[in-house]
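Colleague: make a model of this:
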Amino acid sequence: MRIRYIWMRVFLPALMLAVFTGQAVSAEAPEVFYDKAADRLSVKADTTSLKGLLARIALLTGAEFLIDPAVEQTVSITLKDMPLEKGLKRIVKALDLSYAMMYQKKEGQDEAAEPLLVTMKIVPKGMKNPNLVSVVDVKGEAVIRSFSRRPLRKGQKPSIFDYAEKRWQARLDSMTAEERKQIEEDIKRRQEEQAARMEEKEERGAEREERKAEHQAKRQAAEEELKESNPELYELRQQQREEIRQKATDELNQ
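Modeller: Below you'll find the model as predicted:
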């Protein structure tokens, strides 16, 4: 696995988008859409936490974001169907931050093929010794990604190229065997816990349905017994129930 690093110092260009900082954080989460087959990103954020926005992008794209806490600020930005790398550069350039992009290409891959963006580091300008932290815990991300792999629906075709999964796999490949083992064990444990919860939920549901069926059977048996022993009372009760149902229907229709 070869890793290529590109560090760039960026300046605030005249962009055709609005970016503001220092405002109150919006209560609304950013809207982020990602096409994992085309590797294109759309964002609509209004005074949103930069870290929160990057975390959302990380979970959708499989990219890793390492930031110094000092870069945290609010951002308002709109990106429409933009290549992922270009969109990320727009965000950090608009905030006048420095960044580095890390790419990975498997050995033997066509040299003409574009390397895959895997990790982006973001720091304030001029910072020499940043304290880089991930915007998303890698173990938590691993669990989310494992649960998001749903079986294909009938007639559904798999993506020709899933950039998000390729990035995630590249990141796993770059980890040590011990790190991968810890992640796999954590995923397995959480999946087993979820399976146990689902099984318990299904058992409780089955018990409720069984009790409901027993209650209905007893009620039906009592109705049949009343019909045989006292037909007049049975008809009176049926008439009363019908009047109650009709009254409820009329009230709903008013």
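Colleague: check what pLDDT residue 110 gets.
Modeller: Note on residue 110: pLDDT of 59.
Colleague: now residue 173
Modeller: 86.
Colleague: from residue 60, how far out is it?
Modeller: 20 Å (C-beta to C-beta, to the nearest Å). All C-beta spots, glycine's among them, are computed from the backbone N, C-alpha and C.
Colleague: go on, residue 49?
Modeller: 16 Å.
Colleague: lowest confidence element among the helices and strands of this protein?
Modeller: Lowest by mean pLDDT, DSSP states H and E among the helices and strands of the chain is strand 2-8, with a mean of 44.
Colleague: what about residue 176, how many residues nearby?
Modeller: Using other C-beta atoms under 10 Å, residue 176 has 8 neighbouring residues.
Colleague: an error on my part: the question was meant for residue 234.
Modeller: For residue 234, using other C-beta under 10 Å, the count is 16.
Colleague: residues in contact with it?
Modeller: 223, 226-227 (C-beta atoms under 8 Å, 6 or more residues apart in numbering).
Colleague: which of those fall in helices?
Modeller: In this view, these that belong to helices under DSSP state H are 223, 226-227.
Colleague: now residue 57, what's its secondary structure?
Modeller: Counting by DSSP: H, G, I helix; E, B strand; the rest coil, the backbone at residue 57 sits in helix.
Colleague: in stretch 76-85, what's buried?
Modeller: Within stretch 76-85, the residues that count as buried by 16 or more other C-beta atoms under 10 Å are 76-77, 79, 84-85.
Colleague: and stretch 208-217, by the same measure?
Modeller: Applying 16+ other C-beta under 10 Å to stretch 208-217 flags no residue as buried.
Colleague: again with stretch 132-140
Modeller: Under 16+ other C-beta under 10 Å, the buried positions of stretch 132-140 are 135-136.
Colleague: ok, stretch 114-127 next?
Modeller: 115-123.
Colleague: hey, C-alpha coordinates of that stretch in PDB?
Modeller: Written as PDB, here are the backbone C-alpha positions of stretch 114-127 (Å, rounded to 0.1, in the frame of the first residue of the first chain):
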ATOM      1  CA  GLU A 114      -6.500   8.400  -9.800                       C
ATOM      2  CA  PRO A 115      -5.500   7.600  -6.200                       C
ATOM      3  CA  LEU A 116      -8.300   7.300  -3.700                       C
ATOM      4  CA  LEU A 117      -8.600  10.100  -1.100                       C
ATOM      5  CA  VAL A 118      -8.700   8.400   2.300                       C
ATOM      6  CA  THR A 119      -7.700  10.900   5.000                       C
ATOM      7  CA  MET A 120      -7.800  14.700   5.400                       C
ATOM      8  CA  LYS A 121      -6.000  16.600   8.100                       C
ATOM      9  CA  ILE A 122      -7.200  20.100   8.900                       C
ATOM     10  CA  VAL A 123      -5.300  22.600  11.100                       C
ATOM     11  CA  PRO A 124      -5.200  26.400  11.700                       C
ATOM     12  CA  LYS A 125      -2.700  28.200   9.500                       C
ATOM     13  CA  GLY A 126       0.800  28.300  10.800                       C
ATOM     14  CA  MET A 127       0.200  25.600  13.500                       C
END
